[in-house]
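Chemist: I need the structure of the sequence given here:
(2 chains)
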Amino acid sequence: MSDLFEQLATVVLEGESEESPVLVRKALDEGLSPKEILENGLIVGMNEVGVRFRRGDMFVPEVLMSAEAMQMGLDVLRPMLAESNVQMMGKVMLGTVKGDLHDIGKNLVGMMCEGAGFEVINLGFNVDPEVFVEAIKEHKPDIVGMSALLTTTMRAMGYTIKAIEEAGLRDSVKIIVGGAPVDQAFSERIGADGYGANAPGAADLCKQLVGAA
Amino acid sequence: MSSPEKLPVVILACQIFESMLADLLPEGLAGEITYFDYGLHRLPQNLQWTLQEAIDAIEQPSLVMVGYGLCGNGLDGIKARQHTLLIPKADDCITMLLGSHKAYMREFESEPGTYYLSKGWLESGSHPLKEYHEIAEKYGPEDADWIMDQQYQHYSRLALVAHKQEDLDKYRPEAEEVARYCERWGYRYEEILGSDAYVRRLVEVAAALDRADEDFVVVPPGGAISQQQFIR
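Modeler: Alright, predicted model coming up:
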């Protein structure tokens, strides 16, 4: 039984996107619960991807393939997870800041947060501070996550937090940041509530911030 | 302690600076000059480690002209040790090729979805076409297409930047080859003629440190380079 979890984690780690849904279905047939399959198989695999990527042992192309493998597995599980009300952790809203077109990391965070039981709203990329503000008013997320890949654009994170403050919304959300040039010190300087070093780390941070971890 | 102007000048720079400095450096200003491989920025930790090692190897207290920008945070954390470090306050070499921070922000704000090409990046294979070939070799063309799309589909412009017209003319064929590949995402190909004005001023400031203004980061002995210093 645990062997299937290991196989699934490996399939994710190795980016075998065709194998992933096959193994997920096999696990379901053997009576394993969607939640277990998600947590002990798919998420374990992606956690390892996060570790290796941060270490410089895995690169973007491989991470993308792994993410696709997890996504294909998650697609099979999603309707069952919805049924069993696993998605009750809270609402996370994500966006790449103004001027920045990179979204792979942010999309990975979205997938990991979904896997962790959050409802995820993805604003896309090149998102103006004002758009973040309006979206917070509309969706009322628990957590707002900002991503930037360039040292040129990471400053927009500060402007966005300022805009959220000026709109009187700062206290209604937790703000987390991430992306290659971002670090803990930067996140503290701009007044964010947390920093995620990689996608699995960001999902764990979200769990902590809603008091669930 | 001798005043900074009297310190010997050492240059540690990315290869992108080589031709500009060859034209602009006055005779006798710099003692040792070392140019590093174009591709160091790919793994910013590599850049940090390489530069730190080079700085540590300089025997007498010197004014070290660091020919880099923040370069993906590659410079963050580098220690000056017994030296004074002089660095342009730029995110990367595109600013240096365009000639000013103002020019960079103008381009950046007018079209954030720009993939910049420079002579250095073409020569080091830091561009989508080269990347496609590397990935296709590993994963096959179909997966490679998908991987490249995920990373590059949002951009709209491919811009070749150089500080002189000759370089634009010389690198146009290679840049256009990359542009042809990038047509799959509908990129527009453009050429932007910059200037060597920023590098010119970097050289002036190296000769007279008191001329350093908000376009430069000066790190005194005992200090360290930090990402924060590059925020304008």
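Chemist: Tell me where chain A has strands.
Modeler: A:90-96, A:118-122, A:143-147, A:174-178, A:194-196 (DSSP state E).
Chemist: and the second one, which strands flank it?
Modeler: When pairs are called by DSSP bridges, strand A:118-122 turns out to pair with strand A:90-96 (parallel).
Chemist: Tell me which residues touch B:A90, please.
Modeler: If you count contacts by Cβ atoms under 8 Å, 6 or more residues apart in numbering or on different chains, B:A90 has them with B:G69, B:L70, B:M96, B:H101, B:Y104, B:Y198, B:F230. Any C-beta I mention is one placed from the backbone N, CA and C, and that applies to glycine too.
Chemist: Give the other helices and strands that the helix or strand bottoming out on mean pLDDT in chain B contacts.
Modeler: Least confident helix or strand of chain B, by mean pLDDT, DSSP states H and E, is helix B:119-123 with a mean of 89. Secondary-structure packing of helix B:119-123 (3 or more Cβ pairs under 8 Å, 6 or more residues apart in numbering or on different chains; DSSP states H and E): helix B:165-182.
Chemist: who's in contact with the helix it packs on?
Modeler: Helix B:165-182 is touched from outside by B:19, B:115, B:117, B:119, B:122, B:127-129, B:132, B:152, B:155, B:158, B:160, B:162, B:187, B:189, B:191, B:193, with contacts defined as Cβ under 8 Å, 6+ apart.
Chemist: give the contact list for the closest residue to A:G115 other than its chain neighbours.
Modeler: Closest residue in space to A:G115, ignoring its immediate chain neighbours: A:I43 at 5.2 Å, by Cβ to Cβ, 6 or more residues apart in numbering or on different chains. With Cβ under 8 Å, 6+ apart as the criterion, the residues that contact A:I43 are A:M112, A:G115, A:A116, A:P200.
Chemist: Looking at those residues, spot the one nearest chain B.
Modeler: Set against chain B, the nearest of the contacts of A:I43 by Cβ to the nearest Cβ is A:M112 (16.6 Å).
Chemist: okay, now the closest one: neighbour count?
Modeler: Counted with other Cβ atoms under 10 Å in any protein chain shown, the neighbours of A:M112 add up to 29.
Chemist: and if you look at A:Q184?
Modeler: Neighbourhood size, A:Q184 [other Cβ under 10 Å]: 12.
Chemist: One more: B:G31?
Modeler: B:G31, neighbours per other Cβ under 10 Å, totals 12.
Chemist: Equivalent analysis for A:A82, please.
Modeler: By the criterion of other Cβ under 10 Å, A:A82 has 11 neighbours.
Chemist: what sits against A:S172?
Modeler: A:I136, A:K140.
Chemist: Distance of it relative to chain B?
Modeler: For A:S172, the distance to chain B equals 28 Å [Cβ to the nearest Cβ, to the nearest Å].
Chemist: And the closest residue to A:L94 other than its chain neighbours, how close does it get to chain B?
Modeler: Spatial nearest neighbour of A:L94, excluding adjacent residues (Cβ to Cβ, 6+ apart): A:G145 at 4.5 Å. Separation of A:G145 from chain B (Cβ to the nearest Cβ): 18 Å.
Chemist: pLDDT score for A:G145?
Modeler: For A:G145, the pLDDT comes out at 98.
Chemist: What score does the residue nearest the centre of chain B have for pLDDT?
Modeler: Nearest to the mean C-alpha position of chain B, counting by Cα atoms, centre = their mean, stands B:C93 at 2.6 Å. Looking at B:C93, its pLDDT is 92.
Chemist: ok, now the one 3 residues further on?
Modeler: Note for B:M96: predicted pLDDT of 95.
Chemist: Ranking by neighbours, what's the top pick from the contacts of A:I43?
Modeler: Per-residue neighbour counts (other Cβ under 10 Å) across the contacts of A:I43 peak at A:M112, which has 29 neighbours.
Chemist: so can I have TSV of the strands of chain A showing mean neighbour count?
Modeler: Putting the strands of chain A into TSV (neighbours: other Cβ atoms under 10 Å in any protein chain shown) gives the following:
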stretch	mean neighbour count
strand A:90-96	24
strand A:118-122	19
strand A:143-147	28
strand A:174-178	24
strand A:194-196	21
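Chemist: These into a markdown table, with extra columns for distance to B:G77?
Modeler: Below are the strands of chain A laid out as a markdown table (distance: least, Cβ to Cβ, whole Å):
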| stretch | distance to B:G77 |
| --- | --- |
| strand A:90-96 | 25 |
| strand A:118-122 | 33 |
| strand A:143-147 | 22 |
| strand A:174-178 | 19 |
| strand A:194-196 | 17 |
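Chemist: domain assignment for the chain?
Modeler: Let's take chain A. For chain A, automatic domain parsing gives the domain ranges A:2-83, A:90-209.
Chemist: meant chain B actually
Modeler: Taking automatic domain parsing as the reference, chain B has its domains at B:4-94+B:196-230, B:101-193.
Chemist: Adding distance to A:P181 as columns, could you present those in TSV?
Modeler: Output for the domains of chain B, formatted as TSV (distance: least, Cβ to Cβ, whole Å):
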stretch	distance to A:P181
domain B:4-94+B:196-230	5
domain B:101-193	15
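Chemist: so which of these comes closest to A:H102?
Modeler: Closest to A:H102 of the domains of chain B is domain B:101-193 (Cβ to Cβ; 8.0 Å).
Chemist: just how off-centre is that closest one within its chain?
Modeler: How far domain B:101-193 lies from its chain's middle: 16 Å, per Cα atoms, centre = their mean, to the nearest Å.
Chemist: Residue 186: neighbour count?
Modeler: All of this is about chain A. Neighbourhood size, A:F186 [other Cβ under 10 Å]: 24.
Chemist: my bad, the chain I had in mind was chain B
Modeler: 10.
Chemist: residues touching the residue nearest to A:E48 when sequence neighbours are not counted, list them.
Modeler: In space, and not counting its chain neighbours, A:E48 is closest to A:L13: 5.4 Å by Cβ to Cβ, 6+ apart. Residues near A:L13 by Cβ under 8 Å, 6+ apart: A:G45, A:E48, A:V49, A:S66.
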